[in-house]
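Undergrad: predicted coordinates and the sequence they were generated for:
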Amino acid sequence: MCPSTDGEQCSSTGYENGWIIYVDDNQNNVRDNDEELIWVSDSYAANLTLRGSSGYNSNIPYLASGRVGSGIGGNVRLCMDNDVKKARMVNLITSGRVRLAKYSEEGVPLNISGDAISDCNT
């Protein structure tokens, strides 16, 4: 999975501008023209951001085994109006499991390490 503004190739923009899921046969983290395109998502409303944590900001690789290809855990968060209290987040576990994030007492999502997120863009 990677951000994509054209529904065909990966881009360096946030996932809120659109994203694709594809089979990365050569595992180069780039969708080549001969690689199968599985899913295309259009851009979101202007007041929404969809971002991955460090290690997942440009792609989210999964192996055939179902494990996360990067070997590290991380997060993907959807924010409304750039407000962390309006954020929703999923945690990506290295085993491939995806779970809804827990929340702090203040209503802010907790990252994979258990810390409250401080912003919507990084």
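TA: Thanks, I have the structure now.
Undergrad: low-confidence ranges in this structure?
TA: 122 (pLDDT under 70).
Undergrad: and the longest strand for it?
TA: The residue-count maximum for a strand in the chain (DSSP state E) belongs to strand 83-92.
Undergrad: how far does the next helix or strand after that one sit from its chain's centre?
TA: Scanning forward in sequence from strand 83-92 by DSSP states H and E, the next helix or strand is strand 98-100. Computed by Cα atoms, centre = their mean, to the nearest Å, the separation of strand 98-100 from the middle of its chain amounts to 12 Å.
Undergrad: how about stretch 15-29?
TA: Taking mean C-alpha positions (Cα atoms, centre = their mean), stretch 15-29 and its chain are 11 Å apart.
Undergrad: chain center to the longest strand of the chain: distance?
TA: On Cα atoms, centre = their mean, the centre of strand 83-92 falls 11 Å from the chain's centre.
Undergrad: quick one: strands adjacent to it?
TA: Sheet pairing of strand 83-92 (DSSP bridges) gives strand 74-80 (antiparallel), strand 98-100 (antiparallel).
Undergrad: now those strands in CSV, with mean neighbour count and distance to residue 32?
TA: C-beta: built from backbone N, CA, C; applies to glycine. Below are these laid out as CSV (neighbours: other Cβ atoms under 10 Å; distance: least, Cβ to Cβ, whole Å):
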stretch, mean neighbour count, distance to residue 32
strand 74-80, 20, 24
strand 98-100, 11, 26
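Undergrad: sweet, I'm off.
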